[in-house]
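Student: For reference, the sequence and a predicted model appear below.
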Amino acid sequence: MTTNSQPSPREPTHLVMALRASAGAFGLVFLYSCGYNLFLLAPSIYLLQIYDRVLSSRSADTLVMLTLIIAVAVVVGSLLDIVRRAALSRIGSWLDHRLRPVVLTASFEYGARTSPAVATDCYKDLSTLRQFLDSPASSLLFDVPWAPVFLLLLFLVHPLLGVIGLLSAASLLLLAILTELSTRRPLDHANRALARSYLRFATALKYIQVIRAMGMQDGAAQIVYRDAEAARKAQDAAMQRTEVILGLSKSVRTLTQILMMGAATWLVLEENSSPGIIFVASLLLGRGLAPVEGAIGAWRSVAFARNAFNRLNQMLIAVAADSDARMVPVPEPSGLILDSVGYTLPYPDRQILQGVTLRLAPGDCVALIGPSGSGKSTLGRIIAGVEPATSGCALLGGVDIAALRLCAGTRHVGYLPQDIELFGGAVKDVIGRLDGADPGKAIEAAKLVGLHETIMRLPKGYDTDIGEGGGLLLRAQRQQLGLARAAYGNPSLVVLDDPNSSLDYDGERKLFTAISRMRSRGMIVVIITHRMGILPVTNKIAILRNGTVDAFGDSEQIFEAHLQPPARTGT
């Protein structure tokens, strides 16, 4: 039986479904905005009533009651504004809570397949969307539909006043569009340059000790600064254009206000209109233009939120489209099969592996050996499921190894790469692959590789924090800890890439013992190595040359036929 865990490309993404689920909440925010904008009419009504009723009747009681009513309306309007902002913030928090696990998983998947830098940006986009919902720019969007309402009221006061307001709103709208067109390209350049700068800065910090030791610190800083400077120049260009347009919009706004008051005064003089229309027209114009004028200042926030939504949604679509949406039922593994495995780099178009075919049974231990550049590490990553083969297939128990990660609750493959990255804090969490399982399994794995006694000598044993990336450990200790992590949970297949590169004699002896124990438990062990000393613990050897298997068979036969140095002949 199969169960769908991710949407197909034709189905809406989790992001779209979450927004649809929050449609009712957004509808309530819209209703709050309607009430808020209606109560914004209170000052205009107040002025008209003063001129039409209070001044003509000279009634203090009417003035007091009218003032109290309008004061209540203003307070209620303010409360509605507070409520809608709080509602938008709660929506943002809910979306973050619902989408964060999905986006995090998708970012890991997208980073492994395509680009870690792009995946990092997409993961940040979820925070960008939440920050937008928390900002005044989001509530401004709910005020924009009310701009035509206030302009229509100006037409009802007098058509001349309505025409002035409409022309002013059109001018501000054109300036807002001009802001978008003139700043889109420099902002895109700034975002890309800033992303490159952050990525290179993180890389430099990761290798800071090597950089300092080789006197490369100034050069590395210059590279990071160059991208940051490019981002700054692009941002400055966008800001300068925005400031010019904002200045123009303020001028248009001020001139329109003067023109509106002058036109209203002319109507009072020529048509005997109520003097109150001077203030009413000014207030209605301000209410009608405020959302349009605010849109110019908030355009960057809206543009960032829109771009963040598009990038995040595209990543979710890409991950859903490329994923096998089924939970794979894995039978008991019957062995490892490599059938005509090939691997070609997408850029430059260069073939690394071609037609690699191997068959291994449970308990087999094979050493992949060959000269540098023969494709050993690439083949190891394919066997471990890190890289997908571009041709052929790698099967464990008749199931594609790359699909095993979709099996919930299973740990079928262990992998020890050349560059050991120990993610996690405590020793038990590092060995246990962060699955929060019974620490007893971590102890079992440590005993399997002969690391238990060493761990028990640490200050807090299995609860000892090893520091970021295992920085508090020696390289040999990190390699042994990585080996224990690979053996955690008794996987069917263990891939070890140069596992004895940092080990001394005692460490190698423990490694050989660990490999023998793994084989006795029926694990298939694949060792990528260039050191012949590890060959005695193997029962098979595969020699790779130029991306193909040059020889494969029993260890003794392959060693004697291909690796035995020629005997010296005496003279």
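Tutor: Ah, there it is.
Student: how's this protein carved up into domains?
Tutor: 14-321, 336-563 (the TED database).
Student: Redo those as a markdown table? Include mean pLDDT and mean neighbour count.
Tutor: The C-beta positions use only the backbone N, C-alpha and C, and glycine is treated the same way. A markdown table is the format used below for these (pLDDT from 0 to 100; neighbours: other C-beta atoms under 10 Å):
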| stretch | mean pLDDT | mean neighbour count |
| --- | --- | --- |
| domain 14-321 | 83 | 17 |
| domain 336-563 | 83 | 18 |
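Student: can you map out the strands along this protein?
Tutor: 336-345, 350-360, 365-369, 391-396, 399-400, 413-416, 493-497, 524-528, 540-545, 548-554 (DSSP state E).
Student: And the ones you listed: which comes nearest residue 93?
Tutor: Proximity to residue 93 (C-beta to C-beta) singles out strand 413-416 among the strands of the chain, at 37.6 Å.
Student: Going by contacts, tell me the helices and strands next to that closest one.
Tutor: Packed against strand 413-416 by the contact rule (3 or more C-beta pairs under 8 Å, 6 or more residues apart in numbering; DSSP states H and E) you find helix 475-487, strand 493-497.
Student: okay, the strands of the chain in a markdown table with distance to residue 308 next?
Tutor: Rendered in a markdown table, the data for the strands of the chain read as follows (distance: least, C-beta to C-beta, whole Å):
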| stretch | distance to residue 308 |
| --- | --- |
| strand 336-345 | 32 |
| strand 350-360 | 36 |
| strand 365-369 | 44 |
| strand 391-396 | 37 |
| strand 399-400 | 34 |
| strand 413-416 | 34 |
| strand 493-497 | 38 |
| strand 524-528 | 41 |
| strand 540-545 | 45 |
| strand 548-554 | 46 |
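Student: Who is residue 369 paired with across the strands?
Tutor: residue 543 (DSSP bridges).
Student: That one touches residue 531, doesn't it?
Tutor: No - Residue 369 lies out of contact with residue 531 (C-beta atoms under 8 Å); the separation is 9.0 Å.
Student: what residues are up against the residue lying closest to residue 85 once chain neighbours are set aside?
Tutor: In this structure, residue 85 finds its nearest non-sequential neighbour in residue 139, 5.7 Å apart by C-beta to C-beta, 6 or more residues apart in numbering. Residue 139 is in contact with 29, 33, 81, 84-85, 88, counting by C-beta atoms under 8 Å, 6 or more residues apart in numbering.
Student: so how far is residue 29 from residue 139?
Tutor: As for residue 139, its distance to residue 29 is 8 Å (criterion: C-beta to C-beta, to the nearest Å).
Student: Spit out the residues that contact these two alike.
Tutor: 84, 88.
Student: Determine how far stretch 35-43 lies from the middle of the whole chain.
Tutor: Its chain's average C-alpha position is 41 Å from that of stretch 35-43, according to C-alpha atoms, centre = their mean, to the nearest Å.
Student: Can you measure across it, start residue to end residue?
Tutor: End-to-end span of stretch 35-43 (C-alpha to C-alpha, to the nearest Å): 15 Å.
Student: from here on, count from 45
Tutor: Yep, numbering from 45; the last one is stretch 79-87 now.
Student: Report the contact partners of the residue nearest the centre of the chain.
Tutor: Residue closest to the average C-alpha location in the chain (C-alpha atoms, centre = their mean): residue 167, at 1.5 Å. Residues in contact with residue 167 (C-beta under 8 Å, 6+ apart) are 147-148, 151.
Student: Looking at those, which are in helices?
Tutor: 147-148, 151 (DSSP state H).
Student: Specify which member of the residues you listed is nearest to residue 346.
Tutor: residue 147 (21.1 Å).
Student: Hmm, that closest one is touching residue 357, no?
Tutor: No - with contact defined as C-beta under 8 Å, residue 147 does not reach residue 357; the gap is 10.6 Å.
Student: For these two, list the residues in contact with both.
Tutor: With C-beta under 8 Å, 6+ apart, residue 147 and residue 357 have common neighbours residue 59.
Student: any idea how far residue 285 is from residue 55?
Tutor: Distance of residue 285 to residue 55, computed by C-beta to C-beta: 40 Å.
Student: cool, and residue 250?
Tutor: For residue 250 relative to residue 55 (C-beta to C-beta), the value is 39 Å.
Student: ok, residue 446 - contacts?
Tutor: 429, 432, 438.
Student: Could you measure from the residue nearest to the second one when sequence neighbours are not counted over to residue 565?
Tutor: What that stands for is residue 432. Spatial nearest neighbour of residue 432, chain neighbours left out: residue 446 (5.1 Å); criterion: C-beta to C-beta, 6+ apart. Note on residue 446: its distance to residue 565, by C-beta to C-beta, is 24 Å.
Student: phi, psi of residue 533?
Tutor: phi 80, psi 10 (degrees, to the nearest 10).
Student: from what I can see it touches residue 485, true?
Tutor: Yes - applying C-beta under 8 Å, one finds residue 533 in contact with residue 485, separated by 6.3 Å.
Student: for the contacts of residue 446, which one is nearest residue 547?
Tutor: Of the contacts of residue 446, the one sitting nearest to residue 547 (C-beta to C-beta) turns out to be residue 429, at 25.5 Å.
Student: contacting residues for the nearest residue to the closest one once chain neighbours are set aside?
Tutor: Distances taken as C-beta to C-beta, 6+ apart place residue 445 nearest to residue 429, at 4.3 Å, with adjacent residues excluded. Residue 445 makes contact with 426-429, 438-439, 457, 537, according to C-beta under 8 Å, 6+ apart.
Student: Check residue 543 too.
Tutor: Contact partners of residue 543, counting by C-beta under 8 Å, 6+ apart, are 460, 523, 527, 555, 571, 573, 578.
Student: swap in residue 209?
Tutor: Residue 209 sits next to 194-195, 198, 300, 304, 328-329, 332-333 when contact means C-beta under 8 Å, 6+ apart.
Student: Dump the residues you listed to CSV, plus distance to residue 218.
Tutor: Output for the contacts of residue 209, formatted as CSV (distance: C-beta to C-beta, whole Å):
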residue, distance to residue 218
194, 19
195, 16
198, 19
300, 14
304, 19
328, 21
329, 18
332, 16
333, 13
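Student: and which of those residues is nearest to residue 273?
Tutor: Distance to residue 273 across the contacts of residue 209 (C-beta to C-beta) is lowest for residue 333, with 38.3 Å.
Student: What distance do you get for the closest one to residue 187?
Tutor: Distance from residue 333 to residue 187, counting by C-beta to C-beta: 11 Å.
Student: now swap in residue 438 and tell me
Tutor: From residue 438 to residue 187 the distance is 58 Å (C-beta to C-beta).
Student: Also residue 416?
Tutor: Taken as C-beta to C-beta, the span from residue 416 to residue 187 is 65 Å.
Student: Next: residue 140.
Tutor: For residue 140, the distance to residue 187 - C-beta to C-beta - is 24 Å.
Student: mind listing what the closest residue in space to residue 459 that isn't next to it in sequence touches?
Tutor: Closest residue to residue 459 apart from its sequence neighbours, by C-beta to C-beta, 6+ apart: residue 428 at 4.1 Å. Residue 428 makes contacts with 445, 457, 459, 537, 539, as judged by C-beta under 8 Å, 6+ apart.
Student: Backbone torsions only: list them for residue 428.
Tutor: With angles defined as degrees, to the nearest 10, residue 428 sits at phi -80, psi -10.
Student: How much space separates it from residue 242?
Tutor: Residue 428 is 29 Å from residue 242, by C-beta to C-beta.
Student: do the same with residue 331
Tutor: On the measure of C-beta to C-beta, residue 331 and residue 242 end up 42 Å apart.
Student: ok, now residue 394?
Tutor: With C-beta to C-beta as the criterion, residue 394 and residue 242 are 30 Å apart.
Student: just residue 304 next, same as before
Tutor: 48 Å.
Student: Might one say that residue 598 is in contact with residue 584?
Tutor: Yes - counting by C-beta under 8 Å, residue 598 does reach residue 584; the two are 6.3 Å apart.
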